[in-house]
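[1] the following comprises the amino acid sequence and a computationally predicted model.
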Amino acid sequence: QRQLIVMIDACFTGETGRKGESLLAVSAPGFTPAKPRTGGGIVKLVATSGTTPANWDETQKLGLFTSRFLMGAAGLARPAGAPETGPLAWSDLQRYLKGSVEAAARRDSGREQAPEIDLAAIALPVAQPVPAVARAVASARDEANWQRAKAAGERSALEGYVARCGETCGYREAAMALLLDKRRSGEAASDEQNWIRLGGSGRYEDYLKGCGTVCAYRSLAEGYLGRTDASRDPRVQECDELAGDPADPDRREGVKGVKFARIDARAAIAACKQAVESQPQIRRLAYQLGRAHDKAERYKDALAAYDKAADAGSAAAMNNLGALYENGQGSKVDLQKAFSLYEQAAGIGNAIAMSNVGRMLQYGRGRPRDEAASLRWYQKAAEAGDAFSIAKLVPAYLEGRPGFPKNPQKGFDLFRQAADKGDPIAMVSMATLIDNGFGSFFPGTNSLQMLMKALEKGEAGAAAISASDVSEQKLKPETVRALQRAAQKADHYSGAIDGRFNPVFVRALDVYARSLEQEH
């Protein structure tokens, strides 16, 4: 008998994750998963439990839950060693979907997302995808092929992936980087022989002239020759430009930095490897090399680089190293070690680490759950400027919690602080509150102004605005009409001025937001 499968993902909010690379969403209400039934019936899947945030998969441009479902249905859910043909058991898909969503959510946002899925004694045919999801499924299959090639680790497997990946080849650069690494190992041996031959006799200039891609003893040779100004080293400058962290206090003056999601991993790895070899005493270079490896999902290499920078005192490296241990990337999951690293980084002023300590205590990860201590850490992070932590404190003041007496004005002031720090969700929340009778708490601004500021933050702002239409408190129709007119005036919207989030307007908001982000 036939069974109906009902899948519910989530509504977008635009909230950013731990590294700024993912958008979060608020799920539909959860349910109690049902046991298998005999005969026909309804099988339900929901992205996450209750009102726990769900995640956005930036690579696939889909909800994380939907993305991983498609990956699993494309064959990635098959157990290791299972035949690659024939139907896919529901139990295998359920196991893969829960595990991959939970792991990706922790990795990308540092939050928990636990899907709720009915048990069912059914199997799914692995069929050609419908046109609407063909690109996403192709990406899912591409990722499955890449994971198999990367797990094999052999040159033939990596070359085979590059040769056969076709039009959808999302990991070509990562595969080439691994292949080039294998070649570099031979170059490193040659470099060491050159140093033994030339450095031992004081021929430092000859060693530098003969340097190839690998030049591990460059800093020693230049030191002997009196060339020690690291800031003028082009390799250091390139590493700073490609992988500098905007939030790292060690970031070189005058360097803007690159958000994690926008790192060109292959170029940054090549540049930062040379920079670290040239100037091993500069801890930020090791940290930036770790970021580049992290972006390329080369977690063992990222862990080694972060560890080196952390040993030298980099708080940013301690925080990211903690994230790897928390998520089991490059090592086994070690929540106690992750918590200790977050706490160490927080102790020397890293705001993101303070927020991570608060999150670990909130959910009981690595330490027993402690709401009061969690809020204290969120407060420290908020005082250090972390927008996510500022928003975390709002419910404490609106509802009243131990150590946080009920104070709506304080809670609303925190929304303004988060907005001033550039948090698009806080900006949209302010606009919604203003439209629902709380304007007196936000003097000097109006809802449309806050929405325009949110759009200047790009797609995250557009997603937060669109998500307001499914929240309990909504924007006034006249505010939405004003926003539609603004988008129309900027030649990004040609639909009806109807005060509704119609599909044309939602798509136009994304385009409008990208345009405003570039202008600002």
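    Right, received. Where do you want to start?

[2] drop to CA atoms for contacts and neighbour counts, all remaining ones
    Fine.

[3] confirm I5 sits in a strand?
    Yes. Counting by DSSP: H, G, I helix; E, B strand; the rest coil, I5 falls inside a strand.

[4] would you quantify the distance from it to I42?
    6 Å (CA to CA, to the nearest Å).

[5] so where do the strands sit in the stretch 351-500 of the chain?
    Counting by DSSP state E, counting those that start in this stretch, the stretch 351-500 of the chain has no strands at all.

[6] which residues in it form helices?
    351-363, 371-383, 387-399, 408-420, 424-433, 447-455, 459-467, 477-489 (DSSP state H, counting those that start in this stretch).

[7] swap in the stretch 101-250 of the chain?
    Using DSSP H, counting those that start in this stretch, helices in the stretch 101-250 of the chain cover 134-152, 155-164, 172-194, 204-209, 218-224, 234-243.

[8] just how off-centre is the fifth one within its chain?
    Here helix 218-224 shows a centroid-to-chain-centroid distance of 38 Å under the convention CA atoms, centre = their mean, to the nearest Å.

[9] run through the neighbouring helices and strands of that helix.
    helix 204-209, helix 265-278 (3 or more CA pairs under 8 Å, 6 or more residues apart in numbering; DSSP states H and E).

[10] quick one: residues in contact with the longest one.
    Put plainly, it is helix 265-278. 173-174, 177, 213-219, 235-236, 238-239, 242-243, 282, 285-286, 288-289, 292-293, 295-296 (CA atoms under 8 Å, 6 or more residues apart in numbering).

[11] repeat that with 7 Å
    173-174, 177, 215-216, 218-219, 235-236, 238-239, 242-243, 285-286, 288-289, 292-293, 295-296 (CA atoms under 7 Å, 6 or more residues apart in numbering).

[12] give the residue farthest from the middle of the protein.
    In terms of distance from the mean C-alpha position of the chain, S201 ranks first, at 49.6 Å (CA atoms, centre = their mean).

[13] what are the phi and psi values at that one?
    phi -110, psi 10 (degrees, to the nearest 10).

[14] R262: neighbour count?
    R262: 12 surrounding residues under other CA atoms under 10 Å.

[15] tell me how many other residues surround the residue nearest to E187 when sequence neighbours are not counted.
    Spatially, and ignoring its direct neighbours in sequence, E187 is nearest to V214 (6.2 Å; CA to CA, 6 or more residues apart in numbering). Applying other CA under 10 Å, we find 21 residues neighbouring V214.

[16] please apply the same query to L398.
    17.

[17] the one 4 residues further on now?
    As a burial measure, P402 scores 11 neighbours (other CA under 10 Å).

[18] which residues are in contact with it?
    Contacts of P402 by CA under 7 Å, 6+ apart are A372.

[19] right, and A175 touches L158 too?
    Yes. Counting by CA atoms under 7 Å, L158 is a contact partner of A175 at 5.9 Å.

[20] lowest mean pLDDT across the helices of the stretch 101-250 of the chain, which one is that?
    Ranked by mean pLDDT, the helices of the stretch 101-250 of the chain end with helix 218-224 at the bottom, a mean of 76.

[21] just the buried positions in that one, please.
    The neighbour-count check on helix 218-224 (16 or more other CA atoms under 10 Å) flags 218-222 as buried.

[22] grab the CA positions of it and hand them over as CSV.
    What follows is helix 218-224 as a C-alpha-only set of coordinates in CSV (Å, rounded to 0.1, in the frame of the first residue of the first chain):
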residue,chain,number,x,y,z
ARG,A,218,63.5,31.3,4.2
SER,A,219,63.2,33.1,7.6
LEU,A,220,66.5,31.7,8.8
ALA,A,221,68.3,32.7,5.6
GLU,A,222,66.8,36.2,5.6
GLY,A,223,67.6,36.5,9.3
TYR,A,224,71.2,35.7,8.7
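
[23] pLDDT weak spots in this protein?
    Within the chain, the segments meeting pLDDT under 70 span 1, 11-40, 50-52, 59-60, 127-133, 136-137, 184-185, 213, 226-231.

[24] just send the helices of the stretch 351-500 of the chain back as a markdown table, with distance to R514 too.
    Listed next are the helices of the stretch 351-500 of the chain as a markdown table, based on distance: least, CA to CA, whole Å:
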| stretch | distance to R514 |
| --- | --- |
| helix 351-363 | 26 |
| helix 371-383 | 28 |
| helix 387-399 | 21 |
| helix 408-420 | 19 |
| helix 424-433 | 14 |
| helix 447-455 | 8 |
| helix 459-467 | 6 |
| helix 477-489 | 12 |
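
[25] break the chain down into its domains, please.
    As assigned by automatic domain parsing, the chain contains the domains 3-127, 407-519.

[26] of all these, which lies closest to G328?
    Proximity to G328 (CA to CA) singles out domain 3-127 among the domains of the chain, at 8.7 Å.

[27] distance between the closest one and the chain's centre?
    18 Å.

[28] same check, this time on stretch 279-288
    Distance of stretch 279-288 from its chain centroid, counting by CA atoms, centre = their mean, is 23 Å.

[29] how deep is P87 tucked in, by neighbour count?
    P87 has 16 nearby residues by other CA under 10 Å.
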